[in-house]
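Visitor: when you get a sec, could you give me coordinates for this:
(2 chains)
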Amino acid sequence: MAKQVTVTSAVQLSEKQKSVLVSGLEKKYGKVDLKEKVDENLIGGLKVTVDSQQFDATLSTKLAQLRKTLS
Amino acid sequence: MDIQVAQIIFQIINFGVVVGALTFLVYKPVIKTLQERSKKVQESQQAAEELIAERAESDKLKQKTLSQAKKEAAEIVAESKRLADKKKEGLAAKAKKEIQAYLQEEKDKWESEKKQLIKQIQSQMTDAVFAVAQKVLNESIDKKTHSKLIDQNIQEIVKSL
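Guide: Residues are numbered from 1 along each chain as shown, chains lettered A, B, ... in the order given. Reported below is the predicted structural model:
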């Protein structure tokens, strides 16, 4: 059964980018079913959600972390 | 002149009787009365002297008691004054302490409010700065930069798996 993976990015991923990502994910999780989402609020970068795990490299998250550190 | 012996003797006897009668009836009672009176006078004098002495003694005692009472009264007044002064000092010190405590409390409150206000302003400024940064980033990142960023992120994610 294919693993459900959600990738949310600020802009649409290119086919090459999707392919590299899926390839990397399949090495760990086996067959994956990639679901794409576009959210401009992320500013830049992307985040990947696999089950309860999340890999967040978005600019909005980094900006929020910086704001938390400074306040 | 014929000296009549019988008459002389009669006169002598008469005289003796009169003297005896007078002594018995007058002299002795008078002397007794005089002695009694003298004794009474003496007794009265003695009583008067005793009374005078008693009075003097009483006056002396009265003076001593009065003097003692005055001394005690003065001590009581002095002690009362001392206690009143001490109480006054105590009240003044207490009031001063209360005022200082109140001022310190107000100062601490002001300092706390000031810190809170500064923190609030800093937070608002930070929010404003980040809102501007977000807007600038949104407008300045082009397609090429987006693509580069995504490639970088994908590499990071794949490496971390």
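Visitor: just the helices in chain A please.
Guide: A:15-29, A:59-70 (DSSP state H).
Visitor: buried set for the host helix or strand of residue B:156?
Guide: Applying DSSP states H and E as the criterion places residue B:156 in helix B:143-160. For helix B:143-160, burial by neighbour count (16 or more other CB atoms under 10 Å in any protein chain shown) applies to B:146, B:149-151, B:153-154, B:157-158. Yep, even glycine has a C-beta here, placed from its N, CA and C like the rest.
Visitor: what's the first-to-last distance across stretch B:15-30?
Guide: 20 Å (CA to CA, to the nearest Å).
Visitor: mean confidence (pLDDT) on that stretch, please.
Guide: Stretch B:15-30 shows a mean pLDDT of 90.
Visitor: stretch B:65-79 now?
Guide: Model confidence over stretch B:65-79 averages 97 on the pLDDT scale.
Visitor: by proximity to chain A, which residue of chain B wins?
Guide: Closest residue of chain B to chain A, CB to the nearest CB: residue B:158 (3.2 Å).
Visitor: what about the nearest residue to that residue once chain neighbours are set aside, how many neighbours?
Guide: Of all residues not flanking residue B:158 in the chain, residue A:24 sits nearest, at 3.2 Å (CB to CB, 6 or more residues apart in numbering or on different chains). Burial of residue A:24, expressed as a neighbour count using other CB atoms under 10 Å in any protein chain shown, amounts to 19.
Visitor: isn't residue A:24 right next to residue B:154, touching?
Guide: Yes. At 7.1 Å, residue A:24 counts as touching residue B:154 under the criterion of CB atoms under 8 Å.
Visitor: do the top helix by length along chain B and chain A come into contact?
Guide: Assignment by DSSP H gives helix B:28-140 as the longest helix of chain B. Yes. Contact between helix B:28-140 and chain A, assessed by CB under 8 Å from any CB of the partner chain, occurs at B:122-123, B:126-127, B:130, B:133-134, B:137-138.
Visitor: out of the residues you listed, which comes closest to residue A:48?
Guide: Checking the residues of helix B:28-140 next to chain A against residue A:48 with CB to CB, the nearest one is residue B:137 at 21.1 Å.
Visitor: give me the residue from chain A nearest chain B.
Guide: Closest point on chain A to chain B, by CB to the nearest CB, is residue A:24, at 3.2 Å.
Visitor: who's in contact with that residue?
Guide: By CB atoms under 8 Å, 6 or more residues apart in numbering or on different chains, the residues touching residue A:24 are B:154, B:157-158, B:161.
Visitor: could I get those residues as CSV with pLDDT?
Guide: Shown next, in CSV, are those (pLDDT from 0 to 100):
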residue, pLDDT
B:154, 92
B:157, 88
B:158, 88
B:161, 79
